[in-house]
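# fold the stuff below for me.
(one chain, ligands or ions: 2)
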Amino acid sequence: MLKTLLKQIGSVKTASILTPIFIALEVVMGVLIPYVTSWIIDEGIAKGDIGNVYKYGGIMLVLAAFSMTFGILAGRFSAMASSGFARNLRDAMFRNIQTFSFSNIDKFSSSGLVTRMTTDVNNLQNAFQMLLRVSVRAPLNLVFSIFMCVFINTQMSLIFVIALAILGTALFLIISRTVKLFTQVFKKYDDLNNVVQENVSAIRVVKAFVREDYENKKFSKAARALYSLFVRTESLMALNHPVMMVVVYGCIISLSWFGAKHIVGGDLTTGQLTSLFTYVMTILSALMMLSMIFVQLTMSAASGKRIAEVINEKADIVNPANPVMSVPDGSIDFDHVRFTYNKTGALPTPATLMAGQSAATITDCDYAVNDVTLHIGSGETVGIIGGTGCGKSTLAMLISRMYDVSQGSIKVGGVDVRDYDLETLRDNVSMVLQKNVLFSGTVLDNLRWGKSDASLEECKRACKLACADEFIEEMPDGYDTVIEQGGANVSGGQKQRLCIARALLKNPKVLVLDDSTSACDTATDARISKSLRDYMPEVTKIIVAQRVHSVMNANRIIVMESGRVTGFDTHDNLLKTNEIYREIYNIQTQDSGDFDKPK
Ligand SMILES: Nc1ncnc2c1ncn2[C@@H]1O[C@H](COP(=O)(O)OP(=O)(O)O)[C@@H](O)[C@H]1O
Ligand SMILES: [Mg+2]
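Residues are numbered from 1 along each chain as shown. Ligands and ions are numbered 1, 2, ... in the order given. The predicted model follows:
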């Protein structure tokens, strides 16, 4: 983890090195100044020599000016280093996330990735800045000040040894407890973020179901848990200050007591005593700083780990060594395909075997797609129908290799999908996902998102095929109308039609529509199917749907149940041979719209 994170310092190395250097210089100045003060007092004031006061005062001013300059430079470089570090971390994560396959994303969850990109990076940025500034300053201050104390009066520095021992023990006790609490704080923080992200992204659903109260309660609960933990942690941390003060005053009293004796004895001057007072403060606050950085580092270790996980995650779907760069035709062959989302149980790992656990075996019901073998000819229109959760979307996503099969193989155009160049495959197998999205930008931007060099004419043709032209032309700015984030200003059916048009622009050999017309009325649905059939006869069309009407005109229909294909035939044949299909058909056609009629 440390190696991954350190690599991201790369481009800000100079600033990261300059910061401690300038801080060290600043510390040296800061340590020298009290010593010069003692000269002013002893050589100037005590002797009544105003010339010496000016002389040493002048030296002190110069030192202070240097100290200030070094301080300013250190501040600037540390800001550059830490913000640059954060930028590099975000860049590295973002770039790697772009290579993620669906299963990589499933592993982290989208909201988890957002938290890692924001909160976690902030934590690390703060810790890094503090590390650069304090890790040099505090030990240097400590060492220099102790050295100066011993130099001024060895006997009196024993006081520091005792003070350090007391403060050290107290800080250790406090901190070991805070660190434990802080780890919990971050977990609660994650919970809170989850509630917020889930709620904000689903705010329309929340409103539609009038669940605001429930959501408020859920949020309050998460916020309260965080609050009480924070109170406990912070009150514990706040103990630091009084403890420190007790030790400081203890030191001052002992210093005055012994100092007075030494001055009377003649082996200590008033000026030296004054500088000892300054050094004691420096030493104790250095210790304090060291303890704080320890807390901060422990706190950010968790964040660092979460960030390193994202940066180091290997995309599990990558280009093969010698990828096939063109798709010959739109035929699709499934050969004993099995797929499970539950990868952990797939094979016994050495770790589980060593732990004496038997490997979890995958049962039949773990397979979202189970032993599917079928051949779809190029240019064929194939419907997929079945209850929710029966594996339709999963089956469709396997074709464009959104997930890799667990067993068996899928061929498109006679070539295993794992042998294709990924971009080639996905350009030729165009998918409209069930959870489709539009991006903020104009209608045209969104269409060209699928094919950046598409001409306006091409875009219009695609929209015509997807029956999207009719509503786009009615929009105030036509193709230049701005779509809001997430497609908030178009209806569900309009959004679906835009997504279909976007997929058509790729001129694919295979077009997969996953429940892509569910929000369109039946008439529009039928018109889209017809135009696809009439104007794109050479394209293989896979149409996943809940409505029999959406698929019954397809050449053949796949009927699915619990991951298995129970029928693959024409509408007429399925009505005769497939019970599930007949049932779906009967329910949807005979009873439609008339709920009062007794069965
Ligand atoms: N990303 C996922 N992670 C784990 N399980 C999933 C995921 N997506 C779908 N599933 C599960 O796989 C099964 C098939 O889902 P899906 O193919 O989406 O069904 P359908 O499209 O027919 O409604 C369901 O049991 C569902 O819970
Ligand atoms: Mg689905």
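# ligand 1 contacts on the stretch 201-350 of the chain?
residue 341 (C-beta under 6 Å from any ligand atom). Every C-beta, even on glycine, is put in place using the N, C-alpha and C of the backbone.
# now the strands for the stretch 201-350 of the chain?
332-340 (DSSP state E, counting those that start in this stretch).
# does residue 179 touch residue 292 like I think?
No - applying C-beta atoms under 8 Å, one finds residue 179 not in contact with residue 292, separated by 11.7 Å.
# which residues does the spatially closest residue to residue 528 that is not a sequence neighbour contact?
Leaving aside its chain neighbours, residue 528 sits nearest to residue 467 (5.1 Å; criterion: C-beta to C-beta, 6 or more residues apart in numbering). For residue 467, the contact set (C-beta atoms under 8 Å, 6 or more residues apart in numbering) comprises 497, 520, 524, 527-528, 531.
# enumerate every residue touching whichever residue of the chain sits closest to ligand 2.
Ligand 2 sits closest to residue 393 of the chain, with a gap of 3.1 Å, by C-beta to the ion. With C-beta under 8 Å, 6+ apart as the criterion, the residues that contact residue 393 are 433-434, 514-515, 544.
# from the residues you listed, which is closest to residue 115?
Checking these against residue 115 with C-beta to C-beta, the nearest one is residue 433 at 24.1 Å.
# how many residues are close by that closest one?
Residue 433 has 19 neighbours, counted by other C-beta atoms under 10 Å.
# for it, phi and psi?
phi -70, psi 160 (degrees, to the nearest 10).
# tell me the buried residues in stretch 314-334?
317, 324, 327, 329-334 (16 or more other C-beta atoms under 10 Å).
# farthest-apart pair in those, please.
Greatest spatial distance in the buried residues of stretch 314-334: 317 and 329, 23.1 Å, computed using C-beta to C-beta.
# ok, and what's touching stretch 451-460?
The set of residues external to stretch 451-460 that reach it, using C-beta under 8 Å, 6+ apart, is 444, 447-448, 462, 469, 479, 501, 505-507.
# what residues does the stretch 401-550 of the chain have near ligand 2?
In this structure, the stretch 401-550 of the chain approaches ligand 2 at residues residue 434, judged by C-beta under 5 Å from the ion.
# show me where the stretch 401-550 of the chain has strands.
So, for the stretch 401-550 of the chain - with DSSP E, counting those that start in this stretch - the strands run 407-412, 415-416, 429-432, 441-442, 482-483, 510-514, 540-545.
# partner strands of the second one, with direction?
Partners of strand 415-416 in the sheet, by DSSP bridges, are strand 407-412 (antiparallel).
# a helix runs through residue 92, doesn't it?
Yes - under DSSP: H, G, I helix; E, B strand; the rest coil, residue 92 falls within a helix.
# wait, doesn't residue 404 sit right on residue 320?
No - if you go by C-beta under 8 Å, residue 404 and residue 320 don't touch, sitting 11.5 Å apart.
# list residues touching both of the two?
Jointly contacting residue 404 and residue 320 under the rule C-beta under 8 Å, 6+ apart are residue 418.
# secondary structure element for the spatially most central residue of the chain?
For the chain, the residue sitting closest to the mean C-alpha position, by C-alpha atoms, centre = their mean, is residue 113 at 2.1 Å. Here residue 113, judged by DSSP states H and E, is contained in helix 110-115.
# on contacts alone, who are the packing partners of the next helix or strand after that helix?
Next along the chain after helix 110-115, taking DSSP H and E as the criterion, comes helix 121-152. The contact analysis (3 or more C-beta pairs under 8 Å, 6 or more residues apart in numbering; DSSP states H and E) places helix 121-152 against helix 13-39, helix 50-98, helix 270-312.
# any idea how far the second one is from the chain center?
A distance of 31 Å separates the C-alpha centroid of helix 50-98 from that of its chain, computed with C-alpha atoms, centre = their mean, to the nearest Å.
# which stretches of the stretch 451-599 of the chain form helices?
456-465, 469-474, 492-504, 522-535, 548-551, 571-577, 579-590 (DSSP state H, counting those that start in this stretch).
# quick one: which of those is nearest residue 155?
If you check each of the helices of the stretch 451-599 of the chain against residue 155 by C-beta to C-beta, helix 492-504 wins as the nearest, at 82.3 Å.
# output that closest one as PDB, restricted to C-alpha atoms.
The C-alpha trace of helix 492-504 is given here as PDB (Å, rounded to 0.1, in the frame of the first residue of the first chain):
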ATOM      1  CA  GLY A 492     -38.500   7.800 -19.400                       C
ATOM      2  CA  GLY A 493     -39.700   6.800 -22.900                       C
ATOM      3  CA  GLN A 494     -37.900   9.700 -24.500                       C
ATOM      4  CA  LYS A 495     -34.700   8.800 -22.700                       C
ATOM      5  CA  GLN A 496     -35.000   5.200 -23.800                       C
ATOM      6  CA  ARG A 497     -35.500   6.300 -27.500                       C
ATOM      7  CA  LEU A 498     -32.400   8.600 -27.300                       C
ATOM      8  CA  CYS A 499     -30.400   5.700 -25.900                       C
ATOM      9  CA  ILE A 500     -31.500   3.400 -28.700                       C
ATOM     10  CA  ALA A 501     -30.600   6.100 -31.300                       C
ATOM     11  CA  ARG A 502     -27.200   6.500 -29.600                       C
ATOM     12  CA  ALA A 503     -26.600   2.700 -29.900                       C
ATOM     13  CA  LEU A 504     -27.700   2.600 -33.600                       C
END
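# reformat the buried residues of stretch 314-334 as CSV; add distance to residue 146.
Formatted as CSV, these follow (distance: C-beta to C-beta, whole Å):
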residue, distance to residue 146
317, 59
324, 70
327, 74
329, 81
330, 79
331, 81
332, 77
333, 78
334, 76
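# which of the contacts of residue 393 tops the neighbour count?
Tallying neighbours with other C-beta under 10 Å puts residue 544 at the head of these, with 26 neighbours.
# ok, it touching residue 513?
Yes - with contact defined as C-beta under 8 Å, residue 544 counts as touching residue 513 (6.6 Å).
# burial-wise, tell me which of the helices of the stretch 451-599 of the chain comes out on top.
Each of the helices of the stretch 451-599 of the chain was scored by mean neighbour count; the highest is helix 492-504, a mean of 24, by mean count of other C-beta atoms under 10 Å.
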